[in-house]
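Visitor: Next come a sequence and a model predicted from it.
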Amino acid sequence: MKQRLKKFDRIIKVQKHLHKNAELHLANLQRQESELKTAQEELLQTMSDRDVLHGLFTDVMAKRLKTLALEEVRTQGEIVVQKAVTMEKAMQVKRTEKVFGRIKEDTRRGQEKKDLAAILETMIQKSSTSLP
């Protein structure tokens, strides 16, 4: 049983590590989405400024804005998928911790039964030796 406890403890550690990595990946995607929105806002601000080179680069800026918007949509899709992955990793950790708790409790109960049996055996041996 102790080996099984150690095995589950290692599994929990690995699953927590995988969950942490999934959370970090999700945070990176959200940061990337925020940066894309900021870049789009800055580009729109630049395009709306009439003094900037009299509109010579409007087509280039419009293409860039379209590219940023497409990247943002792609990133939003990845965020949805990553949220699901992160949630699944969290659920795996919880399920494994629950099983670990049950195994730990079973091990404790088994040890208590052994200890009780040993105490009863000792009491029986003492009572049988005291009789003539």
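Guide: Right, received. Where do you want to start? Source: prediction; values computed, not measured.
Visitor: What mean pLDDT does the longest helix belonging to the chain get?
Guide: Using DSSP state H to define each element, the chain has its longest helix at helix 58-130. Helix 58-130 carries an average pLDDT of 91.
Visitor: who does that helix touch, helix- and strand-wise?
Guide: helix 2-48 (3 or more C-beta pairs under 8 Å, 6 or more residues apart in numbering; DSSP states H and E). (C-beta placed from N, C-alpha, C; glycine too.)
Visitor: by how many degrees do the helix it packs on and helix 58-130 diverge?
Guide: Angle of helix 2-48 versus helix 58-130, following axes from the mean of the first three to the mean of the last three C-alpha atoms, to 10 degrees, is 160 degrees.
Visitor: Is L18 in contact with K89, as I believe?
Guide: Yes - if you go by C-beta atoms under 8 Å, L18 and K89 touch, sitting 5.4 Å apart.
Visitor: So for the two, which sits in the more crowded spot?
Guide: More neighbours surround K89 than the other of L18 and K89, with 19 against 15 (other C-beta atoms under 10 Å).
Visitor: Identify the residues contacting stretch 36-51?
Guide: 52, 58, 61-62, 64-65, 68-69, 71-72, 75 (C-beta atoms under 8 Å, 6 or more residues apart in numbering).
Visitor: If we use 7 Å, what do you get?
Guide: Outside stretch 36-51, the residues within contact range by C-beta atoms under 7 Å, 6 or more residues apart in numbering are 52, 58, 61, 64-65, 68-69, 71-72, 75.
Visitor: which among those residues gets closest to L5?
Guide: Nearest to L5, judged by C-beta to C-beta, of the contacts of stretch 36-51 is T75 at 42.0 Å.
Visitor: Now do the same contact list for that closest one.
Guide: Counted by C-beta under 7 Å, 6+ apart, T75 has contacts 29, 32-33, 36.
Visitor: Need the nearest residue in space to it, chain neighbours excluded.
Guide: E33 (4.7 Å; C-beta to C-beta, 6 or more residues apart in numbering).
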